[in-house]
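Student: No sequence on hand, only this structure:
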């Protein structure tokens, strides 16, 4: 078999894998949107069958041979050619998949499924001790996973690589450290500020049907194509890009607050625009048509949610629109007041309810603890106490119970250690990309103030979406912004924004 | 491998096949309910992959060997044991599937996909000539299909067997012939009746949201479990039983007529109750957990729609409920008037809009033509004229154009010759089953008049649903009613019902 033939067969198999995976994605989406409760058993069986089928086809040794055949050819000469990228990134996944013993995968699936159930109960009872044995089981298995993958430096690197390929714990820690110092400083100044916005404006009755209309309007204005996607309701919002022509987002509505669903929709729209912008017509199922990392994915959602959606220019255009839709609730509200209300900063226990300024502190705390756990620097039984201690230090408030502390997130019970830092990486990339976009697109904020975000989307499409996995995240950042990832653009952006709002 | 081992492996493979098929069913349902338009290409690819995967696994020669191993054992001794039934019916499908050459299957899929597109155009233009070449292609392939299957008597038998296993064209024709004579007589008397109900009562404005509420209320009252299913909207209503705990029905609402959605929901609920009543917990993917035939399936939908839903006792209970929901539209309407309106009989061109009394004539006409087509008794170019001629004879009215004539149904373009008779078989079985239920369940109509249909459902579950494919349809009919299928119960039921309504 020639390298060309092997590559053709490789493409064919990738397409088959993508069809299986996208079918599973539809089944998973339907499970969370419309499935009746008693359908859960059958759906679990269908999803498990699909993932087994995928694994069987993906780890087929013949698939590995195809990779080797192409790798030995001069098709890999230009490492940035689509062919080389597709083979390189598939090899990375193939090696990871084949390194994990089947028993470990099954044990992890079983344990994390049970652990999630136990976590729900423990959180309800705010009982860390009840969850501790499950945390121990999960961490033990994750350590085995890290060993099976292999790693340089710390075992955390092996896990982080699942979510942020190529990132290292040292690099991440360095940027996070710098960010933390500046954040703590900013939050201190905000705390002491005389001027405080009135958050009450957005905590009024907002009719849910109208929230949906306004949400779809904003989403469509950002560029979400409702011919190629839908917005539905789920308990936990998400975005799922099935494949060419079909990307779904979800939200949940709070009838007594405008911002929960609205900024949630903007956020998922950002994810969706990345999915819709990938070159799936040409590369469906191939790395060149796939997103780079969770961090880069999050940069897209955060940029549309924060840099655009929580900006003054955006609301210059959109507040009058919103007033036409939410006549009573927003009557007489000024742009300044509204802009202040949606950017109100206050320390709080729960990450998913945190404002833009405190959000990253929640992540830094988790990252530090995860890293320490994987390095055996903190005994697992002390995790709850460690959490309280650090929380008090960073946020200045006492965690009242573990449900509001280390039991609040599903991640650890689900086995997702290494996932949290991608949220803050996303915020960092978003700020750095957006700063560059403003530089390269003079008049961008005036565009946005005029209701037009199309130039930004075109820029993101060209610089990021259409690149697929050509570059790793850090390299892409340098290619797009000319600089390595830094805490500065995010800190500058926040200082400027909150400085204005809080008069500090 | 022992027969026991072979049977265990057979069960395992059947389960796998069912998981594949049910996954495809979810994808198909979602395509018709929520999928955005641009998702069509990917969805077609997913569905085609699933059907290819199913075919590959089902026609695996090893699967055939498992069947043979069990067949040669004494597990088949009792032909009505679950094991014997499962093997017997799977063998039947296996032989059919393996008899069809792959090229013929692919040619049929391709041709009928194109033919359906051409049919849509031809129907819009009411242009039979434009559709004729496609009809010719489809019929030619269906004749090849019949030859590949093999048959006794007429080739039509081979096609009929796909939808109504074991039925023969002669048996069907005999019952249909007797039915036709009595139906033509009944319709003649209705035409001459002095007393005519006022259909206008149901042709008023009925708020769609309230139609949904009332429809779900009725469906739940019949026994549809909304913990194990959903009601959604599609252009063409259908029922899809995915598997244990998950059965979906759909409808479409006409804001200016109550009956379209309402009786549609009752109809699909009847199908769903059959699916929900099958013993899928034990036999998911096995013939003992599957429906017998389209005719028996239709008997369940028709019974709930007509014998229950269009009955006087049902509306004794339900009209007061309906009046509370549709206050304005139904104000002052008497039970007699309402009962008359929902049972209004009048000849019309379109099958799917036909009333209970004329409906079967539409089917008989199609059955005669199909049979003649397959026997080369009518040249295809004369089909439209033949249709007009017979329609005039049976219904007493002239077909004004072919869109209202032989171009109205999708079936022939889709390659579904042999499907139509199952609609009337369903009506015949429904009447015969229901007559028996009334006999065995004294006070059933009083139950229904009191809003309780639970005894009927229990009876159907025990006699029909839980039997799976233990018996063929004709045998089941004898087992349940003590008699072979006959036109009499349906004719008696109609004569009594319409005799009362029309005073004839």
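Tutor: Thanks, I have it. For clarity, every value in this text was computed on a predicted model and none was experimentally measured.
Student: all contacts plus neighbour counts: C-alpha atoms, from now on.
Tutor: OK.
Student: Check the stretch 51-200 of chain A for the residue nearest chain B and tell me.
Tutor: residue A:53 (10.6 Å; Cα to the nearest Cα).
Student: Skip the chain neighbours and tell me the closest residue to that residue.
Tutor: Closest residue to residue A:53 apart from its sequence neighbours, by Cα to Cα, 6 or more residues apart in numbering or on different chains: residue A:20 at 7.8 Å.
Student: tell me the contacts of the one you found?
Tutor: Applying Cα atoms under 8 Å, 6 or more residues apart in numbering or on different chains, we find residue A:20 in contact with A:50, A:53, A:54, B:46.
Student: which secondary structure element contains the last one?
Tutor: Under the assignment given by DSSP states H and E, the secondary-structure element containing residue B:46 is helix B:40-58.
Student: what helices or strands is the next helix or strand after that helix leaning on?
Tutor: The helix or strand immediately downstream of helix B:40-58 is helix B:61-71, counting by DSSP H and E. If you count contacts as 3 or more Cα pairs under 8 Å, 6 or more residues apart in numbering or on different chains; DSSP states H and E, helix B:61-71 packs onto helix B:3-33, helix B:82-99.
Student: and with 6 Å instead?
Tutor: helix B:3-33 (3 or more Cα pairs under 6 Å, 6 or more residues apart in numbering or on different chains; DSSP states H and E).
Student: Give me the buried stretch members for stretch A:123-141, please.
Tutor: A:123, A:126, A:127, A:128, A:131, A:132, A:134, A:135, A:137, A:138, A:139, A:141 (16 or more other Cα atoms under 10 Å in any protein chain shown).
Student: likewise stretch A:224-235?
Tutor: A:224, A:225, A:226, A:228, A:229, A:230, A:231, A:232, A:233, A:234.
Student: Any part of it near chain B?
Tutor: Yes. Stretch A:224-235 is in contact with chain B by Cα under 6 Å from any Cα of the partner chain, via A:227, A:228, A:229.
Student: that older thread, the helix holding residue B:46 vs helix B:3-33, what angle?
Tutor: On the basis of axes from the mean of the first three to the mean of the last three Cα atoms, to 10 degrees, helix B:40-58 is oriented at 170 degrees to helix B:3-33.
Student: Okay, angle between helix B:40-58 and helix B:61-71 too, please.
Tutor: 40 degrees.
Student: So the residue nearest to residue A:256 when sequence neighbours are not counted versus residue B:131, what's the distance?
Tutor: Distance criterion Cα to Cα, 6+ apart; nearest residue to residue A:256, sequence neighbours excluded, is residue A:205 at 4.4 Å. For residue A:205, the distance to residue B:131 equals 58 Å [Cα to Cα, to the nearest Å].
Student: Then residue A:147?
Tutor: 66 Å.
Student: Then residue A:44?
Tutor: To residue B:131, residue A:44 is 45 Å away according to Cα to Cα.
Student: how about the most centrally placed residue in chain A, what does it touch?
Tutor: Computing the C-alpha centroid of chain A and ranking residues by Cα atoms, centre = their mean puts residue A:298 first, at 3.9 Å. Residue A:298 is in contact with residue A:426, counting by Cα atoms under 6 Å, 6 or more residues apart in numbering or on different chains.
Student: got the phi/psi numbers for residue A:357?
Tutor: phi -80, psi -40 (degrees, to the nearest 10).
Student: Can you give me the neighbour number for it?
Tutor: Neighbours of residue A:357 under the rule other Cα atoms under 10 Å in any protein chain shown: 22.
Student: can you give me the mean pLDDT across stretch A:418-436?
Tutor: Averaging pLDDT along stretch A:418-436 yields 98.
Student: where does the stretch 201-350 of chain A come near chain B, residue by residue?
Tutor: Near chain B, when you scan the stretch 201-350 of chain A using Cα under 6 Å from any Cα, you find A:227, A:228, A:229, A:245, A:246.
Student: Quantify the burial of the last one by counting its neighbouring residues.
Tutor: What it means is residue A:246. Counted with other Cα under 10 Å, residue A:246 comes out at 28.
Student: bridging residues for it?
Tutor: Counting by DSSP bridges, residue A:246 is bridged to residue A:243.
Student: was I right about it contacting residue A:230?
Tutor: No. Counting by Cα atoms under 6 Å, residue A:246 sits too far from residue A:230 to count as a contact (8.3 Å).
Student: residue contacts, residue A:258?
Tutor: Here residue A:258 is in contact with residue A:202 (Cα under 6 Å, 6+ apart).
Student: make it 10 Å
Tutor: A:201, A:202, A:203, A:204, A:205, A:206, A:207, A:208, A:211, A:326, A:329, A:342 (Cα atoms under 10 Å, 6 or more residues apart in numbering or on different chains).
Student: If any of these are buried, put those into a PyMOL selection.
Tutor: A single PyMOL command selects the buried members of these (16+ other Cα under 10 Å):
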select buried, chain A and resi 201+202+203+206+207+208+211+326+329+342
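Student: want to try TSV for the contacts of residue A:258, with pLDDT and distance to residue A:388 as columns?
Tutor: Output for the contacts of residue A:258, formatted as TSV (pLDDT from 0 to 100; distance: Cα to Cα, whole Å):
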residue	pLDDT	distance to residue A:388
A:201	94	32
A:202	96	30
A:203	96	29
A:204	96	33
A:205	97	35
A:206	98	36
A:207	97	38
A:208	97	37
A:211	98	37
A:326	97	41
A:329	95	38
A:342	98	28
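Student: quick one: which of the contacts of residue A:258 sit in helices?
Tutor: With helices taken from DSSP state H, the overlap with the contacts of residue A:258 comprises A:208, A:211.
Student: wait, which of the contacts of residue A:258 is closest to residue A:10?
Tutor: Minimum distance to residue A:10 across those is 45.8 Å, recorded for residue A:211 (Cα to Cα).
Student: dump the residue contacts of the closest one.
Tutor: A:217, A:253, A:254, A:255, A:257, A:258, A:259, A:261, A:262, A:322, A:325, A:326.
Student: Surely the first one is in contact with residue A:224?
Tutor: Yes. In this structure, residue A:217 is within contact of residue A:224 by Cα atoms under 10 Å, at 9.5 Å.
Student: thinking again about what came up before, quick one: which two of the buried residues of stretch A:224-235 are the most distant?
Tutor: The most widely separated members of the buried residues of stretch A:224-235, counting by Cα to Cα, are A:225 and A:234 (20.0 Å).
Student: Rounded mean pLDDT for stretch A:354-369, please.
Tutor: Rounded mean pLDDT across stretch A:354-369 is 97.
Student: Buried residues in that stretch, which are they?
Tutor: Buried residues in stretch A:354-369 (16+ other Cα under 10 Å): A:354-367, A:369.
Student: How about stretch A:485-498?
Tutor: A:485, A:486, A:487, A:488, A:489, A:490, A:491, A:493, A:494, A:495, A:497, A:498.
Student: I am finished for the moment; much appreciated.
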